[in-house]
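J.: With the input below, show me the fold.
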Amino acid sequence: MKEADLILTDVSYILTMDENLTEYREADIVIKGDKIIDIGKDKKNEYFGKTIVCKNKIAIPGLINTHTHAAMTLLRGYGSDNPLKVWLEKYIWPVEGKFVSYEFVRDGTEIAVYEMLRNGITTFVDMYFYENAVADVLNTVGMRGVLAGGILDFPVPGAKTPDEAISKTEEFYKEHQNSEYITVAVGPHAPYTCSPETLKKAMNLAEKYNLLYHIHLSETKYEVEQIKEKYGNTPIKHLETLGLLKENVLAAHVVHPTDEEIELMAKRNMKVSHCPESNLKLASGIAPIPKMLEAGICVSIGTDGTASNDDLDIIGEISTAAKLHKGYNLNPTVVNSKEALLMATREGAKAIKQYDKIGSLEIGKKADITLIDITQPHLNPLFDPYTQIVYSSKGLDVDTVIINGDIKVLNKEVLVLNKDYILEKATLWKNRILENR
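T.: Okay, the predicted model is just below:
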């Protein structure tokens, strides 16, 4: 027998989410170090090592959240029921200006990381401020993050000018370029908060180091009209005119593209992070995801921040996406359950340029695995595991989470963060904000 570090045995369903959507029933996953070294039936008879019996579990790749603002857990529900422009300018930006600091971001991120791990998320894309605080939390707990410090044309926490923000992004990259858990991205906020010059400078940095270029794009009708009035083009065509529609672009939202722009995005091989619940809550609209998928665009899924969603349950997000587009398009076949789950796994990994190591359960890839408990009444009877995950399960059905071969959640308990301590921090910040807003 061969030695392994961890063997997941008798897994009821293994949904690899690989290019062939390979599935296994009553099979095993074998892990050594940080990688999957074997997968299939009766592998437990070939290896010895720590064993977890996974009867009545579905194994899927660790879930990937491709757009959020983790520290905004501390603003969860703040200023709700307002349009995006009012919500940002009257509520969010003023509070951020007063309170956002290393400590704020660290504490808010710990809450977010606890919530995401509990919901089966193993990797997330973050755009916010003081991303060094986010990195410190992720390195401590051992979770993957693609981190982009927000770049805007006006002063923001941690950077008085866009040039300073870009310079700090470069320093941040150099500090973490060899990190196992931290991937640095470039984060120009949006076309309406960044001048053409700033957008170009950000892309120059991204291309210099082969980094992801993460941006909010075509999120609201107001944005579309604002950019048309200012630059004579819609936001997507504006980026194209600037030479910025490229394959390293991960655009969040993309609610209001034209058919022509969808074809243009597909041609440029840019990626999209679909955030349906945030778009619904802020009344931004419904992105034409079925058209994007038909055009061959890589569509992933994001929760957005908890101030505009208000949770970090990616399973709930893909469920909303699947049902929303069926109803809106009056077509029950669009965004089927496999397509929805792919958004949070394989397509998410492709969107962040990490499909070579995560996004599917395959030999040689990182052991990032989420196990879902299927013993609950709302998941039975189980005819199809994809359908059950997307339409019946919730993040709290996640039982076990493994990242890089290390167990982070076991028996529905987060092992790497203290829940009571996190709740104390949440209350502390709520009181500070209420007392000093």
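
J.: Give the closest residue to the residue nearest to the spatial centre of the chain in space, chain neighbours not counted.
T.: For the chain, Asn65 is the residue whose C-alpha lies nearest the centre (CA atoms, centre = their mean; 1.5 Å). In space, and not counting its chain neighbours, Asn65 is closest to Phe124: 4.1 Å by CB to CB, 6 or more residues apart in numbering. Yep, even glycine has a C-beta here, placed from its N, CA and C like the rest.

J.: counting contacts, what elements does the strand or helix carrying the one you found pack onto?
T.: Assigned by DSSP states H and E, Phe124 belongs to strand 121-128. Contacts defined by 3 or more CB pairs under 8 Å, 6 or more residues apart in numbering; DSSP states H and E place strand 121-128 against strand 63-68, helix 102-118, strand 144-151, strand 398-403.

J.: Now with 7 Å, please.
T.: Packing contacts for strand 121-128, counted by 3 or more CB pairs under 7 Å, 6 or more residues apart in numbering; DSSP states H and E, involve strand 63-68, strand 144-151.

J.: Run me through the strand neighbours of it, direction for each.
T.: Note on strand 121-128: by DSSP bridges, its sheet partners are strand 63-68 (parallel), strand 144-151 (parallel).

J.: Just want the angle from the next helix or strand after it to strand 144-151.
T.: Under the assignment DSSP H and E, the closest C-terminal helix or strand after strand 121-128 is helix 131-141. Interaxial angle, helix 131-141 versus strand 144-151 (axes from the mean of the first three to the mean of the last three CA atoms, to 10 degrees): 170 degrees.

J.: just checking, what packs against helix 131-141?
T.: By 3+ CB pairs under 7 Å, 6+ apart, helix 131-141 packs against helix 102-118, strand 144-151, helix 162-176, strand 182-184.

J.: coming back round to it: hmm, Gly302 and the residue nearest to the centre of the chain touching each other?
T.: Yes - using CB atoms under 7 Å, Asn65 is in contact with Gly302, at 5.8 Å.

J.: before we move on, the earlier item: what mean pLDDT does the strand holding Phe124 have?
T.: Average pLDDT, strand 121-128: 98.

J.: outside of that strand, which residues touch it?
T.: Strand 121-128 is contacted by residues 62-71, 105, 116, 134, 143-148, 150, 187, 214, 250, 312, 314, 352, 358, 368, 370, 401, 403 when judged by CB atoms under 7 Å, 6 or more residues apart in numbering.

J.: Tell me which of the helices and strands packed on helix 131-141 is the most buried.
T.: strand 144-151 (a mean of 27; mean count of other CB atoms under 10 Å).

J.: quick check: angle from it to helix 162-176?
T.: Using the same axes, to 10 degrees, strand 144-151 lies at 160 degrees relative to helix 162-176.

J.: what's the nearest residue to Tyr209 once chain neighbours are set aside in contact with, if anything?
T.: Distances taken as CB to CB, 6+ apart place Tyr173 nearest to Tyr209, at 5.7 Å, with adjacent residues excluded. Taking CB under 7 Å, 6+ apart, we find Tyr173 in contact with 184, 209, 211.

J.: cool, and Leu264?
T.: Applying CB under 7 Å, 6+ apart to Leu264 gives the contacts 236, 240, 245.

J.: is it true that the first one touches Glu261?
T.: Yes - the pair formed by Ile236 and Glu261 meets the contact definition of CB under 7 Å, at 4.3 Å.

J.: more crowded one of those two?
T.: Neighbour totals were compared for Ile236 and Glu261, and Ile236 leads with 27 against 19 (other CB atoms under 10 Å).

J.: where's the residue nearest to Tyr209 relative to Ala295, distance?
T.: 32 Å (CB to CB, to the nearest Å).

J.: With Gly40 instead?
T.: From Gly40 across to Ala295, the span is 36 Å (CB to CB).

J.: can you check Glu170 too?
T.: According to CB to CB, Glu170 and Ala295 sit 34 Å apart.

J.: now do Pro381
T.: Per CB to CB, Pro381 is found 37 Å from Ala295.

J.: More neighbours: these two, which one.
T.: Of the pair Pro381 and Ala295, Ala295 is the one with more neighbours under other CB under 10 Å, namely 16 against 6.

J.: didn't that one look like it was pressed against Asn269?
T.: No - between Ala295 and Asn269 there is no contact, the gap being 11.1 Å when judged by CB under 7 Å.
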